[in-house]
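**Q** coordinates only, sequence not included:
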């Protein structure tokens, strides 16, 4: 038998080389995994239950599988059905396990595991993100004044993700004085985030915690308050901008702006001068916003164009 027929992955590597792209030296092509026919298994069948869905504009439709929706992930019957689906999928795909592992090794072998981003300068610090070999999550770090200065780890996501089935840290924002880090974490994969605050001088997490947010926040100039965007708990659409003052109960957070039109999306940011906090709203055909002074000194409305 021809070696290329016996080892099709070698043929793929040869074709890549002929086209000018050479695979990394660390990747070793493996013989094709033997695939055996899938075992016969009985697929689970979801029950159909009449349910009428009413749209805001008055239209209705029947959704017999609406009972499978459970945003709280607590419905025992729904969870049992998902487990049955996963068990069936595992049984059907078991014969391809060796091939799957081979392909996974090939893909991972082509990823630079100790990669890092280009540093950028902000408020006297050089910020960058790096990865360590064998770890799945990023390490956010900075160096004060010079790239030759000692590294300060702003946030090691590997530590926060340890032991969790899913974890994402997004929307990182350092306070203007460089002393505190605000970030938003998601532990379910639903993109419903919780605000967390880290004291960068001590490395400790502050007790402040606000749930049900988008991964978007902006500090005020004095670093005492952070503006954040609240999500609708069902639709996940951005609905309100709230201001959380550090050390206070999240239940007392002031509502700064509320968007009642569900066709608009909303976010917060700062102007280039950093003198204003911007609340921007936009839809498919229009956009606009409102400006707030970072020091809470006043409000200047902006024109919303139609």
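**A** Looks like it arrived, so ask away. Remember, it's a predicted structure, so these values are computed and weren't measured experimentally.
**Q** Below-threshold pLDDT in the stretch 1-150 of the chain: ranges please.
**A** 1-39 (pLDDT under 70).
**Q** where along it do the helices fall?
**A** For the stretch 1-150 of the chain, the helices defined by DSSP state H, counting those that start in this stretch occupy 3-6, 8-18, 76-93, 97-108.
**Q** Please apply the same query to the stretch 201-306 of the chain.
**A** Under DSSP H, counting those that start in this stretch, the stretch 201-306 of the chain gives no helices.
**Q** pretty sure residue 68 contacts residue 77?
**A** No - counting by Cβ atoms under 8 Å, residue 77 is not a contact partner of residue 68; they are 9.2 Å apart. Quick note: C-beta positions are derived from backbone N, CA and C, even for glycine.
**Q** higher neighbour count, these two?
**A** residue 68 (15 against 10; other Cβ atoms under 10 Å).
**Q** What about residue 159? Give its phi and psi, please.
**A** With angles defined as degrees, to the nearest 10, residue 159 sits at phi -70, psi -40.
**Q** Distance check, it against residue 221.
**A** Relative to residue 221, residue 159 is positioned 31 Å away (Cβ to Cβ, to the nearest Å).
**Q** Among these two, which residue is more densely surrounded?
**A** residue 221 (19 against 10).
**Q** I'd guessed the more buried one sits against residue 277; true?
**A** No - using Cβ under 8 Å, residue 221 is not in contact with residue 277; the gap is 9.0 Å.
**Q** nearest residue to residue 43 other than its sequence neighbours?
**A** residue 88 (5.3 Å; Cβ to Cβ, 6 or more residues apart in numbering).
**Q** Can you give me the domain assignment for this protein?
**A** 112-163, 165-301 (automatic domain parsing).
**Q** ends of the shortest one, how far apart?
**A** Okay, so that is domain 112-163. For domain 112-163, the first-to-last residue distance is 24 Å (Cα to Cα, to the nearest Å).
**Q** how distant is that domain from the center of its chain?
**A** 18 Å (Cα atoms, centre = their mean, to the nearest Å).
**Q** and if you look at the longest one?
**A** Relative to the chain's own centre, domain 165-301 is displaced by 15 Å; criterion: Cα atoms, centre = their mean.
**Q** can you map out the strands along the stretch 1-150 of the chain?
**A** Assigned by DSSP state E, counting those that start in this stretch, the stretch 1-150 of the chain shows strands spanning 52-54, 60-62, 120-122, 125-130, 139-144.
**Q** what would those strands look like in a markdown table with mean neighbour count and distance to residue 150?
**A** Putting those into a markdown table (neighbours: other Cβ atoms under 10 Å; distance: least, Cβ to Cβ, whole Å) gives the following:
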| stretch | mean neighbour count | distance to residue 150 |
| --- | --- | --- |
| strand 52-54 | 9 | 58 |
| strand 60-62 | 9 | 61 |
| strand 120-122 | 11 | 17 |
| strand 125-130 | 18 | 12 |
| strand 139-144 | 18 | 7 |
